[in-house]
Every structure is written in C-alpha cells, then in structure tokens.
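1. got a structure for you, letters missing:
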Ligand code: HEC
C-alpha cells in the first residue's frame, strides 16, 4: 500500500474510533435505586476511587487527559454515570452497591480545583 493510502486508512480508522462511542449500558433502575437508598461513606470511598477512577479522573478528581474533572459532582449523577459508562468511560456495575455509594460520596465531597 502506498504511504498516502496508509495515512488515509489510519485517519479513517481514527475518525471512526472517535465518532463511534462504545455502546452505553442501559441504566439498571433497580440497581440505581438500591445504591441511592444506601448512605455513602466518603472516607471509605477514597480507596476504591483510587483503584477504579484515578487513572482517568486524576488525584482528588481534578481530571486528566483521559477523563474530565468530576470533583463535587452530585451523587445521583456520579452513580448514574458509574452504572452506564457513557462514551469512552467503562461501566462499573459489577462493584458492590455500597462501594458505588461510597465512591460517589467521596467524589461529591471533593473541592473542584
Ligand atoms: C478509562 C478512563 C475512565 C475511568 C477508569 C473512569 N472514567 Fe469517568 N469518564 C471517563 C470519560 C472519557 C468520561 C466522559 C464520558 C462521555 O463521553 O460523556 C467520563 C465521565 C464521567 C462522569 C461524568 C462527567 C460529565 O461531566 O458528564 C463522571 C461523574 C465519572 N466519569 C465518574 C467516574 C467514576 C466515579 C469512576 C470510577 C468508578 C470513573 N469515572 C472511571 C473516563 C473514565
């Protein structure tokens, strides 16, 4: 393949990747209600945040090139996003409901920078 064609193929591939979001998981409203009924513990949420979210959303949720800043976001929004994995974000519906509630409480408790 000529170099021009190779570059064109690469561009088409990249554009397709950027324009096609990974399919979001439909919201499991039962699981969402279960998590929202729990009382999240912000202190307990720090460790699972570090393990699951920090690589994209950064230390204290201030954001990185791979994920937007999310410090102080509302708990209901954080829970919904964790359960649906919009765009290029993975879905975290396999975590224990209490852990989801704790991570949401931790992120909600952080100050935006
Ligand atoms: C692989 C990188 C990655 C990981 C890991 C990740 N996220 Fe995300 N997150 C993203 C991206 C990318 C977006 C933007 C999604 C979109 O296209 O709407 C996002 C969006 C969000 C949003 C919504 C932001 C907005 O303004 O709409 C919240 C809240 C969020 N993430 C929370 C979390 C939490 C909590 C975790 C850990 C359980 C986590 N994320 C793990 C990449 C990631």
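-> All right, it came through fine. What you see is a predicted model; the values in this text were computed from it and never measured.

2. Which residues of this protein lie near the ligand?
-> Listed as neighbours of the ligand in the chain under the rule CB under 6 Å from any ligand atom: 52-53, 55-57, 66-68, 70, 73, 77-78, 81-82, 86-90, 92, 103, 107. Every residue, glycine included, has its C-beta placed from N, CA and C.

3. Now which of these would you call buried?
-> Buried subset of the residues of the chain next to the ligand (neighbour count, 16 or more other CB atoms under 10 Å): 52-53, 56-57, 67, 70, 73, 78, 81-82, 89, 92, 103, 107.

4. and these as TSV, adding pLDDT and secondary structure?
-> Below are these laid out as TSV (pLDDT from 0 to 100; DSSP: H, G, I helix; E, B strand; the rest coil):
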residue	pLDDT	secondary structure
52	98	helix
53	98	coil
56	98	helix
57	98	helix
67	97	strand
70	98	coil
73	98	coil
78	98	helix
81	97	helix
82	98	helix
89	95	coil
92	97	coil
103	98	helix
107	98	helix
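
5. Quick one: those residues as CSV, columns for distance to residue 25 too.
-> Formatted as CSV, those follow (distance: CB to CB, whole Å):
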residue, distance to residue 25
52, 16
53, 17
56, 17
57, 19
67, 17
70, 18
73, 19
78, 15
81, 11
82, 10
89, 10
92, 10
103, 17
107, 19
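
6. Could you report the neighbour count for residue 60?
-> For residue 60, the number of neighbouring residues by other CB atoms under 10 Å comes to 18.
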